[in-house]
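**Q** Sharing a model that was predicted from the sequence below.
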Amino acid sequence: MNAQKTVAIVGASSDRRKFGNKAVRAFAQAGWRVFPINPGESEVEGWPAFAEVGRVPATDAPLDVVSLYVPPTVGIKLLPGIAARRPKELWVNPGAGDAALIAQATKLGLETRSLCSILALGLHPSEFADR
């Protein structure tokens, strides 16, 4: 049996209209273990939320993917903490990346992919109703 894949969703939200929420639901539907990251949330869609990637207990699970759903100006400040957790990949969703963020992520040794993580799962954001 394969180990369950893990994802930290930076910018996860309880607001079902936001892509950070749709991503939580999409990854959960696809069978991933989800770690919502948002300092203003205690839980998102039934998953306990963490203030930052570094707060996800390292003994709990290694991170396969960190998926960014925050503006580049926020994301670039979070990159050192993300790099410290050594995820296999950093997925930068549309609107979450710019040249400076990608360059800094690369400098920190993060394997970076610019994509829509929901589409990468073979799903579409429209499958996840706003209610």
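**A** Cool, got the structure.
**Q** the longest helix in this protein is where?
**A** What stands out as the longest helix in the chain, according to DSSP state H, is helix 72-85.
**Q** Which elements pack onto that helix?
**A** strand 6-10, strand 65-68, helix 99-107 (3 or more CB pairs under 8 Å, 6 or more residues apart in numbering; DSSP states H and E). (Glycine included, C-beta is placed from N, CA and C.)
**Q** got TSV for these, with mean pLDDT, distance to E45 and mean neighbour count too?
**A** Below are the helices and strands packed on helix 72-85 laid out as TSV (pLDDT from 0 to 100; distance: least, CB to CB, whole Å; neighbours: other CB atoms under 10 Å):
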stretch	mean pLDDT	distance to E45	mean neighbour count
strand 6-10	97	10	27
strand 65-68	98	15	28
helix 99-107	98	26	15
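**Q** of these, which approaches G54 most closely?
**A** With CB to CB, the closest approach to G54 among the helices and strands packed on helix 72-85 belongs to strand 6-10: 9.9 Å.
**Q** got the angle for the closest one vs helix 72-85?
**A** 150 degrees (axes from the mean of the first three to the mean of the last three CA atoms, to 10 degrees).
**Q** Output the contacting helices and strands for strand 6-10.
**A** helix 19-29, strand 33-37, strand 65-68, helix 72-85.
**Q** Off-centre distance for it?
**A** Once both centres are worked out by CA atoms, centre = their mean, to the nearest Å, strand 6-10 turns out to sit 4 Å from its chain's centre.
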